[in-house]
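*Asks:* Next input, structure requested:
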Amino acid sequence: VQLQASGGGLVQAGASLRVSCAASGRSFSSYYMGWFRQAPGKEREFVAVISWSGVGTYYADSVKGRFTISRDNAKNTVYLQMNSLEPEDTAVYYCAAAPSYSTARRSYNYWGQGTLVTVSS
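*Replies:* Model (predicted):
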């Protein structure tokens, strides 16, 4: 599976932004898809994960209630809708694919190149 993230940009605090991750490969629908982020000088951290069917989702506490992960298996794409953005959300956002549910980086076999989201105060 090859992944390509897009949709990042510069927004003001309180704004919304949606990032996307397009996947190539016929097995996309069999993978759990996750979003991670890495802020400058910090470790890459888990943000959200969605099951292969799209029914099951799980979020990091820091984004719960503000971010929504979704997927469209017909389009081989996973999305992260980010609302009420805060300067602390500034990071490079990465999408990743895993064979089973996990919030751990080591469980994800495939990674996109990342897209930068900058939130100004």
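*Asks:* CA only for contacts and neighbour counts going forward, please
*Replies:* OK.
*Asks:* tell me the centre residue of the protein?
*Replies:* Geometric centre of the chain, nearest residue: residue 35, 2.6 Å, by Cα atoms, centre = their mean.
*Asks:* Tell me the helices and strands packed up against the helix or strand that it is a member of.
*Replies:* Element membership for residue 35 (DSSP states H and E) is strand 32-38. Judged by 3 or more Cα pairs under 8 Å, 6 or more residues apart in numbering; DSSP states H and E, strand 32-38 is in contact with strand 45-50, strand 91-98.
*Asks:* buried stuff in the shortest one?
*Replies:* When burial is assessed from 16 or more other Cα atoms under 10 Å, strand 45-50 yields the following buried residues: 45-50.
*Asks:* Stretch 8-28 now?
*Replies:* Within stretch 8-28, judged by 16+ other Cα under 10 Å, the buried ones are 8, 11, 13, 16-23, 28.
*Asks:* Then stretch 56-70?
*Replies:* Here stretch 56-70 shows 57-59, 63, 67-70 as buried, counting by 16+ other Cα under 10 Å.
*Asks:* Show the pLDDT at residue 78.
*Replies:* The model reports residue 78 with a pLDDT of 97.
*Asks:* my guess is it meets residue 20, correct?
*Replies:* Yes - when contacts are counted by Cα atoms under 8 Å, residue 78 is listed as touching residue 20 (5.8 Å).
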